[in-house]
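> Provided below are the primary sequence and the corresponding predicted coordinates.
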4 protein chains.
Amino acid sequence: MTQVIVLNGGSSSGKSGIVRCLQAVLPDPWLALGTDTLVEAMPASMQTSDGGIAFAPDGGVTVGPEFRALEAAWLEGVAAMARAGARIVVDEVFLGGADSQRRWQKVLGDLRVLWVGVRCDAAVAAGREVARGDRIIGMAASQAEVVHRGVAYDLEVDTAHAESMECARTIAAHVV
Amino acid sequence: MTQVIVLNGGSSSGKSGIVRCLQAVLPDPWLALGTDTLVEAMPASMQTSDGGIAFAPDGGVTVGPEFRALEAAWLEGVAAMARAGARIVVDEVFLGGADSQRRWQKVLGDLRVLWVGVRCDAAVAAGREVARGDRIIGMAASQAEVVHRGVAYDLEVDTAHAESMECARTIAAHVV
Amino acid sequence: MTQVIVLNGGSSSGKSGIVRCLQAVLPDPWLALGTDTLVEAMPASMQTSDGGIAFAPDGGVTVGPEFRALEAAWLEGVAAMARAGARIVVDEVFLGGADSQRRWQKVLGDLRVLWVGVRCDAAVAAGREVARGDRIIGMAASQAEVVHRGVAYDLEVDTAHAESMECARTIAAHVV
Amino acid sequence: MTQVIVLNGGSSSGKSGIVRCLQAVLPDPWLALGTDTLVEAMPASMQTSDGGIAFAPDGGVTVGPEFRALEAAWLEGVAAMARAGARIVVDEVFLGGADSQRRWQKVLGDLRVLWVGVRCDAAVAAGREVARGDRIIGMAASQAEVVHRGVAYDLEVDTAHAESMECARTIAAHVV
């Protein structure tokens, strides 16, 4: 039985929409957690501290040791939730590509995980970033390719060519 | 010179995204106002009052005389803003089809208006409604066709077949 | 009959809470509009443009000619809504003190207006700004006094010493 | 060293504001997680399912076995985050009073926990509920007393008589 679904994709690639559709089409209730949940749970000062997370005006995102320390504990906790029986969809942005995936692989251990790449052409994602109106312009383009570097997936979906609901149904078909 | 752009389409047809892209691509600053702005400006009690606005669990929306009275004044005010020199994009849901358009035509009078229909296949809009996660399920499907009944447009865009940014560029090309 | 209630106070002084309580306690439905509605209606670019509105990291807010031009039309429109029969609560931050009030007085003309000052001790407002978590730290303290300079009120309320609901009842008692 | 702070109080008692102030005044970065985070992570269908969580129009909240199952795993995960080194502020509504506390005590085990009761007079909380504008009217009054039944605290704060920041400083003084 699949215990965790990890969706990885750049900002504005459409992950959150897929997650909500997945929660609607999967017969069991799944918890949706992700990078956004973590960032929101952190102190506001984390976004102005040197060791925290910094969003540059051009859309660049850098994270420091204080962020990494809380993130490491967060990952352990999400894995523990899955071990305790909750089925979890993780909505992630692998800024470090393969390194980011390894961090998750380490904590998820022997849990049954479905790795999903959420692709979206950089230009399309950049347009959607403008349409959303609540993101720093430039994040979508700068993350579109880099988050997938060296990452291994069980399947990939492409939101530039399929609706969120269609992507969700494709993913759901791989959930056992 | 175009003074007002009226976008009409059903819930989850993608109007708001187009509006934000329009504001980004049009060289002048345009104000974005719409049904959502008006509903938010009303008292919370308007959503529980008999004469107000009611959102049924199946996505049906009905409005009563109290809502209509405030809406009529709101329309006059938006027209006055345009007459005072602000260029305005109106994001609307013509629940009454041609009747709704007539209400706007009456207040806009001799202002130069670009009427834009925002189409989206009902099934696609229904999927996007699930993906958004903040709308009552059923609104998209129930409004997809009815809001366009008898409405005359200068141009129409279809968000099931073009990205918000592409639709915005098409519309912007008609703004003089 | 009172047609417009203008609430003026600094950021985090508690205006929005009073407005929602006012809408709940006043027997007629009143529209709530204000600076936040206007800023949200403007293009995102207005916040990066030289002539727009700038939020400094220390909480300072400056507005330029492009912002003023749209604001002037917005004021005309809000006044037109009131003339068309809507009763309106305006939630404002008079960054220019008496000058800001004059701009409103000019457009409101002979409408019956209730001017309300919303006071809140700078230190208390600064604490509430932290508690809200969605405002730039420093705005509350920098605006607490300056927005009231030279402004004439029909009544004043103080949210450091009374709950929003209590302030709303006090104001409602002055609405005729 | 305090590893977890659990704040318990009814809806609109002011917990979230205290949490943000705590995150600002505590020298280390603390993660803020709570009932709201959990409810948001659940599928939308959880709010319409028999075994999920139901918000009655009068403000009553009832939870069923499906909700409890995910919640149990969530609690285990939050405890695991604390064991992995993250310091965590939990923002909770003990609908079951002492029973709810026991559930947390069981998962927190030998972690060092500071139990904080957040009191707010029911009438004051009800007024703030109206002022917030985003909660079902009646939740505040119905939860104000019941959530504290049989619960043991290390300290209690009262937001009807002290600002969020002041409460946060009082709590921070007990964090070791």
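Noted; the coordinates are in hand. Numbers count the residues shown, from 1 in each chain, chains lettered A, B, ... in the order given.

> what residues does the helix or strand harbouring A:Ile18 touch?
Per DSSP states H and E, A:Ile18 falls inside helix A:15-25. For helix A:15-25, contacts defined as CB atoms under 8 Å, 6 or more residues apart in numbering or on different chains pick out A:5, A:7-9, A:29-30, A:32, A:34, A:36, A:89, A:91-92, A:118, A:157, A:159, A:164-165, A:167-169, A:171-172, B:127-128, B:130-133, D:43-45. Every residue, glycine included, has its C-beta placed from N, CA and C.

> Among those residues, which are located in strands?
A:Ile5, A:Leu7, A:Asn8, A:Trp30, A:Ala32, A:Gly34, A:Val89, A:Asp91, A:Glu92, A:Val118, A:Val157 (DSSP state E).

> where do the helices sit along chain A?
Assigned by DSSP state H, the helices in chain A fall at A:15-25, A:35-41, A:65-83, A:98-108, A:122-132, A:139-143, A:164-172.

> Buried residues, the third one. List them.
When you say that, I think you mean helix A:65-83. Neighbour counts over helix A:65-83 (16 or more other CB atoms under 10 Å in any protein chain shown) mark A:66-67, A:70-83 as buried.

> ok, now the fifth one?
If you call a residue buried by 16+ other CB under 10 Å, then helix A:122-132 has these buried ones: A:Ala122, A:Val124, A:Ala125, A:Ala126, A:Gly127, A:Arg128, A:Glu129, A:Val130, A:Ala131.

> Pull out the buried members of the contacts of helix A:15-25.
With burial judged by 16+ other CB under 10 Å, the buried subset of the contacts of helix A:15-25 is A:5, A:7-9, A:29-30, A:32, A:34, A:89, A:91-92, A:118, A:157, A:159, A:164-165, A:167-169, A:171-172, B:127-128, B:130-131, B:133, D:43-44.

> excluding its backbone neighbours, what's nearest A:Thr2?
In space, and not counting its chain neighbours, A:Thr2 is closest to A:Val175: 4.7 Å by CB to CB, 6 or more residues apart in numbering or on different chains.

> That neighbour contacts A:Ile5, doesn't it?
Yes: if you go by CB atoms under 8 Å, A:Val175 and A:Ile5 touch, sitting 6.8 Å apart.

> Identify the contacts common to these two.
Both A:Val175 and A:Ile5 are in contact with A:Leu114, where contact means CB under 8 Å, 6+ apart.

> returning to that earlier point: most widely separated two among the buried residues of helix A:65-83?
A:Glu66 and A:Arg83 (26.8 Å; CB to CB).

> ok, the residue most central in space within chain A - contacts?
Geometric centre of chain A, nearest residue: A:Glu92, 1.4 Å, by CA atoms, centre = their mean. By CB under 8 Å, 6+ apart, the contact list for A:Glu92 reads A:Val6, A:Leu7, A:Asn8, A:Lys15, A:Gly34, A:Thr35, A:Ser100, A:Trp104.

> Export stretch A:14-30 to PDB, keeping only CA atoms.
Provided in PDB are the C-alpha atoms of stretch A:14-30 (Å, rounded to 0.1, in the frame of the first residue of the first chain):
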ATOM      1  CA  GLY A  14       0.600  23.400 -10.400                       C
ATOM      2  CA  LYS A  15       1.400  21.100  -7.500                       C
ATOM      3  CA  SER A  16      -1.200  22.400  -5.000                       C
ATOM      4  CA  GLY A  17      -4.000  22.100  -7.600                       C
ATOM      5  CA  ILE A  18      -3.000  18.500  -8.200                       C
ATOM      6  CA  VAL A  19      -2.800  17.800  -4.500                       C
ATOM      7  CA  ARG A  20      -6.400  19.000  -3.900                       C
ATOM      8  CA  CYS A  21      -7.700  16.900  -6.900                       C
ATOM      9  CA  LEU A  22      -5.800  13.900  -5.600                       C
ATOM     10  CA  GLN A  23      -7.400  14.300  -2.200                       C
ATOM     11  CA  ALA A  24     -10.800  14.400  -4.000                       C
ATOM     12  CA  VAL A  25     -10.200  11.400  -6.200                       C
ATOM     13  CA  LEU A  26      -8.400   9.000  -3.800                       C
ATOM     14  CA  PRO A  27     -10.900   6.900  -1.900                       C
ATOM     15  CA  ASP A  28      -9.100   7.200   1.500                       C
ATOM     16  CA  PRO A  29      -8.500  10.600   3.200                       C
ATOM     17  CA  TRP A  30      -4.900  11.700   2.600                       C
END
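
> gap between it and the chain center?
What separates the centre of stretch A:14-30 from the centre of its chain is 13 Å, taken as CA atoms, centre = their mean, to the nearest Å.

> now swap in stretch A:82-91 and tell me
Mean-position distance between stretch A:82-91 and its chain equals 14 Å (CA atoms, centre = their mean).

> and it with chain D, contact?
Yes: under the criterion of CB under 8 Å from any CB of the partner chain, stretch A:82-91 makes contact with chain D via A:Ala82, A:Arg83, A:Ala84, A:Gly85, A:Ala86.

> Let me see the contact set for the residue lying closest to A:Pro29 once chain neighbours are set aside.
In this structure, A:Pro29 finds its nearest non-sequential neighbour in D:Pro43, 5.1 Å apart by CB to CB, 6+ apart. Contact analysis of D:Pro43 by CB under 8 Å, 6+ apart lists A:Gln23, A:Ala24, A:Pro29, A:Trp30, A:Ala32.

> Generate TSV for those residues, with distance to B:Val146 and pLDDT as supplementary columns.
Listed next are those as TSV, based on distance: CB to CB, whole Å; pLDDT from 0 to 100:
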residue	distance to B:Val146	pLDDT
A:Gln23	29	98
A:Ala24	24	97
A:Pro29	34	97
A:Trp30	34	98
A:Ala32	33	98
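
> Tell me the one among those residues nearest to chain B.
Nearest to chain B, judged by CB to the nearest CB, of these is A:Ala24 at 5.0 Å.

> neighbours around the closest one, how many?
18 (other CB atoms under 10 Å in any protein chain shown).

> measure it to A:Leu31 for me?
14 Å (CB to CB, to the nearest Å).

> Please consider this matter closed, and thank you.
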